[in-house]
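Participant: Can you look at this prediction? I've put the sequence above it.
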Amino acid sequence: MNDIVYTRVLVASQNRSDLVAAWETIRNEFGVHDVPSTISGVTVLGYPNQLVEIEAVAALEKRFDVDDLK
């Protein structure tokens, strides 16, 4: 989770309290690793009965072997 640098959260609800509940749950999972995020309420998501969708972008350090430089 420490590699995540951004999240986008979609919540299928018109109620602000549902967005807050989803956000608090996600934020608790990240703990002290506070990443920039966008949360939006939408009318429908892609699967029947789907309530939340989370997109996470991670940034990883490129690692290679010395042999790759040859």
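Facilitator: Everything's here; your move. Numbering: from 1, shown residues only.
Participant: is Ala56 in a bridge, and if so with what?
Facilitator: Residues in a beta bridge with Ala56, per DSSP bridges, are Thr7.
Participant: Distance-wise, check it relative to Ser37.
Facilitator: Here Ala56 is placed at a distance of 9 Å from Ser37 (CB to CB, to the nearest Å). In this view, the C-beta of every residue, glycine as well, is placed from N, C-alpha and C.
Participant: got the buried residues for the worst-scoring helix or strand of the chain on mean pLDDT?
Facilitator: Of all helical and strand segments in the chain, the minimum by mean pLDDT, DSSP states H and E falls on helix 16-30, at a mean of 93. Residues of helix 16-30 classed as buried: Leu19, Ala22, Ile26 (neighbour count, 16 or more other CB atoms under 10 Å).
Participant: for that helix, packing partners?
Facilitator: If contacts are counted by 3 or more CB pairs under 8 Å, 6 or more residues apart in numbering; DSSP states H and E, helix 16-30 sits against strand 4-12, strand 37-42.
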